[in-house]
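Visitor: quick one, what's the 3D model for this:
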Amino acid sequence: MEKDLSQTLPEDNQEVSEDIVAQTLCGVVILGAPGTGKTTFCKALSEFLTQLDRKHAIVNLDPANDNMEYKCTIDVQELIRLEEVMEEFKLGPNGGMIYCLEFLQQNKDWLKEQILNVYRKDGTKYFIFDLPGQVEIYTNHSALRETLSSLVKELPMQVSALHLVDASYLYDKHRFLSALSLSLTATIGLELPFINAISKIDLLGKLGRPEMSLSFYQSISGLKYSFIGDEEEGGTSFANKYGKLSRELCDLIERFNMVSYTLIDITNKLLMANVLMQIDSQNGYFYDPQKLANAKEREIDYEGVGQYMDQDAVMDLEEKYLEGNDEGQE
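Guide: Take a look at the predicted model:
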C-alpha cells in the first residue's frame, strides 16, 4: 500500500506540505536501445548539474556496464554481475540480464538502503538511474517496473523517465515508426511520467536533412501520410506488404497522443536546460525548496527557455545543425 505521509504529519500547517516536498527524493531513469547514448547523457547531465551546484548521484542499474564514463555513487554490480550470472547458470546475455533484474527486485531493500545512505550522508536527494540497453526489460518484463515502483511508494521518491531515440532513426520512416512504437510501449510499460527525446542531434549535419522538419518530431501528427502509396509499383517488398499495417500503427500512436520528442545535444546548454526543466517538472524537483534556494539554479530563466523552445528554437536549431546541408546534397 502506498505510504500516506498525511497520516503521519499534523494537518492545517503550510509548512507541512513544504516538509513533504523537502523530504521526497527525486530521480530520473535514462533508457533507450543500445547506442542511443544513455551513459554519455548520464555523464553530461551529471556535469550540467555540477555546474548548477545541485547535489546528485548516479545509480548504475546495468549489471553489465564495465565502461562507465561517469563517477558512479551506487552500482548494482556490487550486488550482482551479469558475467558471473552467465557463467554460473549457463545463461545467454538476455537471459542473464533478466535474472539480474529479478534478483535486484528480490533485493530491492538493498537499493533503497543505498539511496538512503547517500541522502543521510550529505542531503543528496536527486538521483540519475542508468539502465541496461535491452528494451525487453521494460517492454516484456515486470521486474524493473516493480523495483522502480517500490522506490516511489516506499522511500518515497518521485521518478520520471527519459527515453532516448538515436537521431539516425529520422532518416528512415520505417525505423522511426519502430522507434515510435517502442516509445509508446515503454511509456505504458514503466508507468512513470515520461519524456521521449531524440539524442545526438548535433550529428544531423553529417547525416543530411531529415524528410521532416524538426518541429514535426516535437509534435507527431500526420505520419501515416508518408506511407501512402507504399503498395504501389516501385515500393520495396517490405513496404508493399506492410504499408497498410504501417499506417494503422501511425493511427494507433497518434490516437494515444502520448509520444512527442524533445531534442538533445549534450554540448548545447540551452537544450540541456530545456530537457532538465522537463525532467524536473515530471519528477517534482522543479518546485523543491532545495532547488529554489540554489542561487545557480535561479540564474536560469526556465520560463524563457520554455517560450523559446515553443516559438523560435526549431528554426534556429535547423539553421545551426543543418546549415549547408542542402547545398552539399545538390
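Visitor: verify the stated contact: G306 with N274.
Guide: Yes: G306 is within contact range of N274, at 7.3 Å (criterion: Cβ atoms under 8 Å). C-betas here are computed from N, CA, C, even on glycine.
Visitor: okay, now the unreliable bits of the chain?
Guide: 1-22, 229-240, 324-330 (pLDDT under 70).
Visitor: how is it carved up into domains?
Guide: Here the domain parsing of the chain from automatic domain parsing is 22-211+262-321, 221-258.
Visitor: most packed of the ones you listed?
Guide: domain 22-211+262-321 (a mean of 18; mean count of other Cβ atoms under 10 Å).
Visitor: next secondary structure after the longest helix that the chain contains?
Guide: Longest helix in the chain, counting residues (DSSP state H): helix 237-256. On the C-terminal side of helix 237-256, the nearest following helix or strand under DSSP states H and E is strand 261-263.
Visitor: for that following strand, which outside residues touch it?
Guide: Strand 261-263 has contacts (Cβ atoms under 8 Å, 6 or more residues apart in numbering) with 165, 183, 195-198, 201, 214, 217-218, 220, 271, 274-275, 278, 309, 317.
Visitor: pull out the CA atoms of the helix or strand where D280 lies and give them to me as PDB.
Guide: In the assignment (DSSP H and E), D280 maps to helix 269-283. Taking C-alpha atoms only, helix 269-283 is exported to PDB below (Å, rounded to 0.1, in the frame of the first residue of the first chain):
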ATOM      1  CA  LYS A 269      23.500  24.200 -22.800                       C
ATOM      2  CA  LEU A 270      20.100  25.600 -23.900                       C
ATOM      3  CA  LEU A 271      18.900  22.100 -24.900                       C
ATOM      4  CA  MET A 272      20.300  20.600 -21.700                       C
ATOM      5  CA  ALA A 273      18.400  23.300 -19.700                       C
ATOM      6  CA  ASN A 274      15.200  22.500 -21.600                       C
ATOM      7  CA  VAL A 275      15.400  18.800 -21.000                       C
ATOM      8  CA  LEU A 276      16.300  19.300 -17.400                       C
ATOM      9  CA  MET A 277      13.300  21.600 -17.000                       C
ATOM     10  CA  GLN A 278      11.100  18.800 -18.400                       C
ATOM     11  CA  ILE A 279      12.600  16.200 -16.200                       C
ATOM     12  CA  ASP A 280      12.300  18.300 -13.100                       C
ATOM     13  CA  SER A 281       8.700  19.200 -13.900                       C
ATOM     14  CA  GLN A 282       7.800  15.500 -14.200                       C
ATOM     15  CA  ASN A 283       9.500  14.300 -11.000                       C
END
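Visitor: return the distance of it from the chain's centre.
Guide: 11 Å (Cα atoms, centre = their mean, to the nearest Å).
Visitor: right, and the helix or strand after it?
Guide: Assigned by DSSP H and E, the successor of helix 269-283 is helix 289-292.
Visitor: can you give me how far that next one is from the chain middle?
Guide: Helix 289-292 sits 23 Å away from the centroid of its parent chain (Cα atoms, centre = their mean).
Visitor: against which helices or strands is it packed?
Guide: helix 14-23 (3 or more Cβ pairs under 8 Å, 6 or more residues apart in numbering; DSSP states H and E).
Visitor: now the angle between helix 269-283 and the next helix or strand after the helix it packs on, please.
Guide: Using DSSP H and E, the next helix or strand after helix 14-23 towards the C-terminus is strand 25-32. Relative orientation of strand 25-32 and helix 269-283, computed by axes from the mean of the first three to the mean of the last three Cα atoms, to 10 degrees: 120 degrees.
Visitor: name every strand pairing with strand 25-32 and say which way it goes.
Guide: strand 126-130 (parallel), strand 157-166 (parallel) (DSSP bridges).
Visitor: what would these look like in CSV with distance to T40?
Guide: Shown next, in CSV, are the strands paired with strand 25-32 (distance: least, Cβ to Cβ, whole Å):
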stretch, distance to T40
strand 126-130, 10
strand 157-166, 10
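Visitor: can you tell me the SS state at the closest residue in space to P34 that isn't next to it in sequence?
Guide: The shortest distance from P34 to any non-neighbouring residue, by Cβ to Cβ, 6 or more residues apart in numbering, is to G133 (3.7 Å). Here G133 is recorded as coil under DSSP: H, G, I helix; E, B strand; the rest coil.
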